[in-house]
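Enquirer: can't give you the sequence, but here's the structure:
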């Protein structure tokens with residue numbers, strides 16, 4: 001679900017959220033007005049009382065949205081596991097493209113935050129996935145949130161029994177790492 005215009009909703013129940021960009025967990029209260037500014041990759045960025053928050057896909061109902069919006073775009077977790085690491089690697093990259101920085105409407109792959117993916121076979125159609133990624137700024141409090149979201153989504157892939165997403169800082173991220181699609185989305189072209 002993407003939005004051209006922010007949508008104003010009333011929270012239907014108390015909901016856990018993370019303050020953006022600090023990443024601090026908070027509880028938003030039922031009845032508060034929230035403006036949904038971004039709904040990408042299954043999670044939601046909202047503004048409540050002038051502050052920005054990220055709400056997880058599993059809590060879509062608190063925004064008055066149906067749960068089927070949550071996790072949209074993820075591969076079917078019940079499909080057969082890929083036969084080769086190369087097949088799984090493509091699924092990994094596609095899945096990482098469903099992870100978004102709550103402040104930027106571009107996925108982490110097109111932002112140039114994912115530096116590498118390694119798929120290690122562990123036996124018959126069982127795999128370990130290691131991802132090296134960075135952030136646009138080392139002090140970003142949302143880093144652990146984005147990192148864990150990526151890890152959890154990777155664990156839904158068929159055949160993935162272990163997933164690690166490590167934050168690295170070398171080389172430092174620069175705007176040169178943006179894909180052409182990201183530059184276009186951000187108005188940098």
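Expert: Here it is on my side, so go on. Please read all numbers here as calculations on a predicted model, not as lab measurements.

Enquirer: what does the average pLDDT come to for stretch 158-172?
Expert: For stretch 158-172, mean pLDDT rounds to 95.

Enquirer: Mind listing what's buried along that stretch?
Expert: By neighbour count with 16 or more other Cβ atoms under 10 Å, stretch 158-172 contains the buried residues 158, 159, 160, 163, 165, 167. For the C-beta atoms, the positions are set from N, CA and C on the backbone; glycine is no exception.

Enquirer: Surely the last one touches residue 146?
Expert: So that's residue 167. No - contact status for residue 167 versus residue 146: not in contact, 9.1 Å apart, counting by Cβ atoms under 8 Å.

Enquirer: Need the residues touching each of the two.
Expert: residue 135 (Cβ atoms under 8 Å, 6 or more residues apart in numbering).

Enquirer: Kindly provide the whole-number mean pLDDT of the host helix or strand of residue 89.
Expert: Element membership for residue 89, per DSSP states H and E: helix 85-96. Across helix 85-96, pLDDT averages out at 96.

Enquirer: what packs against that helix?
Expert: Helices and strands touching helix 85-96, by 3 or more Cβ pairs under 8 Å, 6 or more residues apart in numbering; DSSP states H and E, are strand 114-123, strand 126-133, helix 143-154.

Enquirer: which stretch among these comes nearest residue 10?
Expert: Closest to residue 10 of the helices and strands packed on helix 85-96, according to Cβ to Cβ: helix 143-154, at 24.5 Å.
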